[in-house]
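K.L.:
Turn this into a structure:
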Amino acid sequence: MSPVQDPTLTLFTLHGLAVSLRDRADTHTERAEALLLGVERAFAQQMRGEPIDLGELIALAEAAAAESDTSRRLAEKLLRGLRAMVKGAGLLVTLPKLVHAERVL
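P.N.:
Residues are numbered from 1 along each chain as shown. Take a look at the predicted model:
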């Protein structure tokens, strides 16, 4: 199986992005820290072969990206990778975006 198609490699890569996002940010609110830890835990759970709620994972990642001013590009890369993984699993339907994740001050 090629590295692009290996779901384990994809999960490790996405987990690494979530960890990098948390480590690279200059500042974090408690909320941002909790969101990123939730994303990391979900990836770790999936890597152990346990089921996860992909809708909840996407919501956590979107909220974490909205909180991450200092690492915007890394957050966007994490979201793109996560959406590609979910879409590849056939679980993501493209719908109009009705609610935007907004940064909470």
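
K.L.:
Stretch 48-60: end-to-end distance?
P.N.:
End-to-end distance of stretch 48-60 (Cα to Cα, to the nearest Å): 19 Å.

K.L.:
my bad, should have said stretch 49-56
P.N.:
Note: stretch 49-56 ends 17 Å apart using Cα to Cα.

K.L.:
Same check on stretch 57-76?
P.N.:
14 Å.

K.L.:
Go through it and flag the buried ones.
P.N.:
57-58, 60-68, 71, 74-75 (16 or more other Cβ atoms under 10 Å). No exception for glycine: its C-beta is placed from N, CA and C like everyone else's.

K.L.:
per-residue pLDDT, His15?
P.N.:
With respect to pLDDT, His15 scores 69.

K.L.:
Check Val99 too.
P.N.:
On the pLDDT scale, Val99 gets 52.

K.L.:
and what of Arg22?
P.N.:
So, for Arg22, pLDDT stands at 66.

K.L.:
Report the next helix or strand after the helix or strand where Leu17 lies in sequence order.
P.N.:
Leu17 is part of helix 7-24, with elements assigned from DSSP states H and E. As assigned by DSSP H and E, the chain's next helix or strand after helix 7-24 is helix 30-47.
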